[in-house]
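In: Provided below for reference: sequence and predicted model.
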Amino acid sequence: MNPNGFSFIHAADLHIDSPLRGLDAYDGAPVERLRGATRQALVALVDLALERQVAMVLLAGDIYDGDWADFRTGLFFREQMVRLVRAGIQVFVIKGNHDAESQISRQLPALDGVHVFSAHRSETVDLAGIGAAVHGRSFPNRAVPEDLLPTYPPPLPGRFNIGLLHTSLTGRPGHDPYAPTTPQALVATGYDYFALGHVHAREVVHESAPRIVYPGNLQGRRAGEAGAKGCELVTIENGLIVSAEFVALDVVRWQTLSLDASGLDRIETIATRFREQASALVAGARDRLHALRVVLTGETPLHRVEAAQPGTLAAAVQAAAQEIDEAEVWIESVRLALRAPLTREQAAEHSDALGELLQLTDALLADPDGLKAWAQEQLGALGPLPPQLSDADPRTLDGEALAALIRDAEATVLARVRAADDEAPE
Amino acid sequence: MRLIRLHLKAFGPFTDHTLDFGDPAGGLALVYGPNEAGKSSALRAMADLRFGIPMRSADNFIHPHPQMQVGGVFVDHSGRQHSLIRRKARQNTLSLADFSSPDAPTLGPAPPEVEALLTAGLSREAYETGFGIDHGRLRAGGRALVEGQGEVGSALFEASAGIRGIARVLDELDQAARRLFMPGARGRNARINEALRAFDESHQRFRQALVRPAHWTDLSRRWHAATETLAELEARYAELQARRHELAELRAVAPLLDDHDHAAALLGELTAVPALADDAASQRVAAETGLAAALQDAETAAAQIAHEKERLAALAPDPAIVELAAAVRRLIASAETIDAHRARLIQAETDAQACSRQAAVIEQAIAGTATPGMATPDPSMTARAPSPTRRAAIDEALQASERCEQALVQHRRTLDESNGRDEPPPAAELPPAPLRAALRTARQQLARHTDRLAALASLPAELQSARDSFAQALADAGLADEAAMRRARPLLDTRISEEIDATLRAATQRDSHRQRLARIESARAHEQAGRASLLAAGEVPTRSQLEALREQRDAEWLQLRQSCLDGAAGSMADASPGPQPADRADAQRRAEIARRAEAYEATVADADRMADALAADHARVLRLQALDATIGTLDRDADTLRAELGALAADSERRERAWRTLLAAAGLPELAPAMLRDWQARLLALREDASRLQLRQTEFEHDRALAARLTAALRTALQDLGQTGLPDSDADLDTLTVIADDLETELHRRERQLDTAAGQRQQQALERQRLATRGNALAAELEAARAKLRPLIDSLGLPDPASPAVVRARLAEFDRLQALYERRDQALDNARQARESLAELEGSARRLATALDDPAPADLRLYGEHLTRRLELAERCAREEALARQALASAEQNHRRHLASAERHRASLARLCAAAEVDTPAELPRIEALAAHKRSTQARLDDAASRLTQASRRPLEALRTRLASVDAARIDADEAACTRELSELETALREARASEESARLALRAIDASDAAAAEREQMELAAARIRADLPAWMRTRLAHALLGEALRRFRERAQGPMLARASTLFVTMTGGAFERLTTRDGDSSPVLLALRPDGREVTVDGLSEGTADQLFLALRLAALELRRQAGIDLPVVLDDVLMTADDERAAQMLEALADFASESQVIVFTHHRHLVELTRRTLGSRLRLLELD
């Protein structure tokens, strides 16, 4: 350890044992790599702390999902903390909105060397040995609408002052507004570093004096949590930050790849184009599993191929993913935003059979209530889905989704009819 | 727009070539082009002219892309002509042109409206699939009809859109949806079903794997409590065990201490005695005994040495024969075979002589020089025998020759039989075949349509009746005419159900509101009655009235006061001007004050009275107030309900307006939803009636035309065959039929005779020719086989020719000769071997005799026996000598060993004396006894010390001190008490340990594993699969429903007109083999049927392949006619659709196409010349023929 300084790790929003969502386990999918990704990320964090011999690890809230009730998750977290404590590394924890009412947090035995800040008042731990002071306060319950910052103590003179705070600051998209405050207020405290938690995307809110950082969560859990995930490793010398680096710890990395298919008329071309872009995207991180959401856009004749056989393009992309050598790739989903090269308006005006089909679609689209009743009648065979899947239930589709669905169905019919005509023996 | 001329300016193989289709309504245009004439390019040019030349057009093999041009003259629906030219470019490719000039100058870009007319709003793909029909599409269309089993919706849909495989698409969509999800128990393997099941299973496992924090806390608490209890019990147990151990120790060490001290005292007294070994006495005895025995043994060994030396001196050995013992034994063994060798020699010499004699006899036979008596063999004869290779060739040639001979014999027998048959008789002649075919066709047509011709008379009346009924039905349905019926577009059942539901809901709500309003009005009337009865007993003052009176009182007081104040001021002001006016004004003021004072007093009195009344009649006041409040509430509720009723009425009105708008847009009558549903059912029936009516009308017209055509055809056929005196009128069709039948019978009889005779003659000639050819071939084969055999048997000494049997006999003689020579050689070899064996034996005997100094043996057998006896004696003597020498050496060795042993025992005795510190061995026993006593005393002392060490780890002095501090008499009692208490504690301790272990194990069972999290992840994987597959399932499922609904709607709309037109065309195409097309309800939807003239219904899958193709073409043309009527009037282009039809079928299809071409433009391409002739014959002036060079 450096005699003139120390280093620490700042992480937040571990959400241990929170499942990864949206990954379809097709044949040959690397399911085992997926198992316990959030746990693996925490183990990697502890390994990093031991390897770099940091003085402390700061965890800025949301260790577990709020509604997660398996106590073994707590035991696992405690095991990892024991590894740190045995190596002489102190751990400082504040409870966030998810931990505040977690029964795991309440029942887990305390551990010497792991300091969990009080939810009733702000506390300061003076680490005179390394010249640092850590201030923090836990959430007393899930919803904290008030600003907790005014309750934080003033900085200790002659110390490197670190504040742990779980907050949404002035608001962040996709995150509930808890313990709101402003960057200016944080600057005004006179602290040297604010270790924030709650927002899952990494963000350096303020570069220095103080450095204010959201490290993001340790492991992305869905396509919305894309990009590298990990922790902040900060080194202090003579009371000043001399280095601050982001260290990626994620096991599975979520990425979104947008592919413009305009003018491409062969599936092989799309597969090649995808392979090129995906290889470039994952090239820097060979040791991770990459979960890709692929969005195909543009105007292409392949729109008709997909309509004839829904899932063709997704299958092609999945097959192409298996040929990527740079890293292991898992296709989370293939979203299509393709346009057909030809419009259907002219065809709809004709009096022939296909015109009848298109006119029927138009009649359904012009009558949303009728469309809903008709679609529910056709899809009623599905029966009720489990509550966890209610978002995917056809009965919950709104008018816009139903309209898109009926347009897709029409495209499927047209494409199938033409494909059958092409395939008919002559 | 129809095409009048196609100008192939620079396109494919064409340069400035023009195809003139003439008047589009003038009939069918047939374009004939042999292979490589550019037919395909011309077809592409017609499409490229309308839709543009593709970027990668392959028709640039003469004219490069930039120079490609194709033009055309079109006529639109109003009869206006448009001259247009299309060039190959990226934009502005269509221009107006002037084709009257050879270089066809362009006149500027074509207006958009002209370009729109050119394509009729179609894409190129839609045009080509819709208006182009080639043989492949025709065949595939026919197959699709059969595969769809004639389902009317699919058939019409496919024919209308020009596509194929609708039934298969429906089935594939259904299957695709079922692969994703299948409802019910059978759907276990569908993807979504599987994922849902996996989700449920993971969810179950997740719930089982979950460990709640409270559960863990409870287990932890239980374990800590059990641990503490166990620790307390173990401490007490250890304390008691220590106490009992100490008591037992003291009790055990007390006697051991006494023994130890006694042994130590004795040992002190024996200090001067030397310490001898434990076995000193036994060592001494052993040494003395050993010394005596060694001396005795040495003496015995010396005697044995002397005896053996005497025995050796008495023996006489024979070493010469012993050295040659092996050779002697071999000779003796060989002597046994002498007789066998001699017998073998005699037998071999006899065999050789016999073989030589037999060989000489055979050689003489081969050479043909038989000599009586002894014969001499000639070994050179065997050289003439064939080698194995040559022998195989001879066998093969012999077999070939035999086969040829047999075949030739059989052939000559057949030829003789054939020459004996008779020639057939000659026959009469027949008229030309085309004339007979025309008569047959005419008769067949007549026979096929007999029923229809018979029913023709009654059809007009039936048709009129049907028209009247249909018109009445239209009127009943409120439809003005048939066009109105066609315009009507029925609503979906779900839409009607929804409207009915909405109407019912609104009515229910209105009824509910009205009922509630009636109840409110009733309640209000009741409350009003109560109020009236309350007021009937007298006015009831209210607090508000009292407050109003008091406010009035206060106002009047203020006015009175103001009047008084004004009066006082006025008096002072008016005092100076004069007395008269002042008095009058003052009087007026006083009067006013008095009036106001009275009014004020009255008001005060009223208010007081009302206050008194209010206080006196409080109960009535309260009752009245309650009634007023209730009435007010009821009024408000009633107002709210009325407002809601108004809103409901407005909603109903809006919905009805929307309903009416929807109905008007769909061309439907203004009917309530339920009535509309019934009406739509009637509409469907009406459309079917219309279809049937149209079909019958078409059928009637067709039948009438048919009768005329059949009569004319029959008359022409009879006249061509030379029949005269035929009736002139059409009414004489029956007479014509009879004449035709007779003529046909006669012609048929003559034809059979001619065919039979000609066939027989031709058959006989052919047979004779075949037999002659066959005979020559067989003779040549035989000669070739013999020629091949001849050189092979030259050396056998046979005459030429030699039959195969002779050749085989000579070959057998050579075989026997060869075998005899081999046997003779073998016998001579055996004799030589026997002689050599005998000579070898005699040599061996002579060599042995020389070595043993014996005389040369005269007889081998006697000499062998002599050697046997001599060898046995010599060997016995040698064995005895070896035994004697071995015994002598052993005796000498024993003697030396016994002397050495005696010396060692004397040394041992000397060592023992030195250890015991004595001079002679005789003193040793006394010292040995004293040393033994000292050793036993030391052992007792060591034993006591050892047992003390085992009994206690304490030093001896500490033990003596501890023993001195306890009461020896109490030790046993204390120890027993400890043992009892320990026994009791052990039970409690076992229970506590079990309890602690149970709690500990339960707690340890909860580890930090991720079992629950893993199951949760599995749930997410399954959920992801469901989320991924659901859109595809919904899409496919809705696609299936959408297509099904479109089929149904199109069928309802188009079935009548399409089937009517298709029926006419189909009847023409099949030459009247079918009467019309009709439909029948199938299992799930109507199916198409073709009706035979005899009333039999034929399903589509019962039609022949060609007829199914014709049906598809009829439907296709009918659909195009509908499109033409809808304003899309483009030429129909058929490419070699008649290539597989026979002439009759092709003629019928051309008739139908010509019929269709009377309204629409039809262009037929073909590369079959015979079709050109056929078309010309069939259509005559209705054909416009164009040829591609």
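Out: Received the coordinates, thanks.

In: rounded mean pLDDT for the helix or strand containing B:Leu924, please.
Out: In this assignment (DSSP states H and E), B:Leu924 forms part of helix B:924-951. Averaged over helix B:924-951, pLDDT sits at 84.

In: pull out the buried residues from that helix.
Out: Across helix B:924-951, burial judged by 16 or more other Cβ atoms under 10 Å in any protein chain shown covers B:924, B:927-928, B:931, B:934, B:937, B:940-941, B:944-945, B:947-948, B:951. Placement of C-beta: from N, CA and C, glycine included.

In: what's the closest non-adjacent residue to B:Tyr796?
Out: Wrong residue type there; residue B:796 is Leu, not Tyr. Leaving aside its chain neighbours, B:Leu796 sits nearest to B:Arg810 (4.9 Å; criterion: Cβ to Cβ, 6 or more residues apart in numbering or on different chains).

In: how close does that neighbour sit to chain A?
Out: Using Cβ to the nearest Cβ, to the nearest Å, B:Arg810 is found at 73 Å from chain A.

In: ok now do that residue, which residues does it touch?
Out: Shown in contact with B:Arg810 (Cβ atoms under 8 Å, 6 or more residues apart in numbering or on different chains): B:Ile366, B:Ile793, B:Leu796, B:Gly797, B:Leu798, B:Ala802.

In: so where's chain A uncertain?
Out: By pLDDT under 70, the low-scoring segments of chain A are A:1-3, A:26-28, A:340-351, A:420-426.

In: what's the domain layout of it?
Out: Domains of chain A are assigned by automatic domain parsing as A:6-248, A:251-341, A:342-426.

In: quick one, helices of chain A?
Out: All helices of chain A, identified by DSSP state H, fall at A:31-34, A:37-52, A:71-86, A:103-107, A:183-188, A:267-282, A:302-308, A:312-321, A:345-349, A:353-366, A:368-379, A:399-423.

In: biggest strand in chain B by residues?
Out: Across chain B, the longest stretch assigned as strand under DSSP state E is strand B:2-11.

In: partners of that strand in the sheet?
Out: If you go by DSSP bridges, strand B:2-11 pairs up with strand B:14-20 (antiparallel), strand B:69-75 (antiparallel).

In: now the angle from the helix or strand bottoming out on mean pLDDT in chain B to helix A:399-423?
Out: Least confident helix or strand, chain B: helix B:152-161 with a mean of 74, by mean pLDDT, DSSP states H and E. When axes from the mean of the first three to the mean of the last three Cα atoms, to 10 degrees is applied, the directions of helix B:152-161 and helix A:399-423 differ by 80 degrees.

In: next SSE after helix B:152-161?
Out: Sequence order places helix B:166-180 as the next helix or strand after helix B:152-161, per DSSP H and E.

In: OK, contacts around A:Val199?
Out: With contact set as Cβ under 8 Å, 6+ apart, A:Val199 has these partners: A:Asp13, A:Ser168, A:Leu169, A:Arg172, A:His175, A:Tyr214, A:Gly216.

In: hmm, try it at 10 Å
Out: Counting by Cβ atoms under 10 Å, 6 or more residues apart in numbering or on different chains, A:Val199 makes contact with A:12-13, A:166-169, A:171-175, A:205, A:214-217.

In: what does B:Cys877 give?
Out: Taking Cβ under 10 Å, 6+ apart, we find B:Cys877 in contact with B:Leu315, B:Ala316, B:Pro317, B:Asp318, B:Pro319, B:Val322.

In: please apply the same query to B:His63.
Out: Per Cβ under 10 Å, 6+ apart, neighbours of B:His63: B:Lys9, B:Ala10, B:Phe11, B:Gly12, B:Pro13, B:Phe14, B:Thr15, B:Gln69, B:Lys88.

In: just give the number of residues close to the last one.
Out: When you say that, I think you mean B:Lys88. 23 (other Cβ atoms under 10 Å in any protein chain shown).

In: got the residues of the stretch 51-200 of chain A near chain B?
Out: Residues of the stretch 51-200 of chain A lying near chain B by Cβ under 10 Å from any Cβ of the partner chain: A:65, A:68-80, A:102-109.

In: and the strands in chain B, which stretches?
Out: Ranges of strands in chain B, per DSSP E, are B:2-11, B:14-20, B:28-32, B:69-75, B:81-87, B:94-97, B:106-109, B:132-134, B:1076-1081, B:1086-1091, B:1097-1099, B:1132-1135, B:1162-1166, B:1183-1187.
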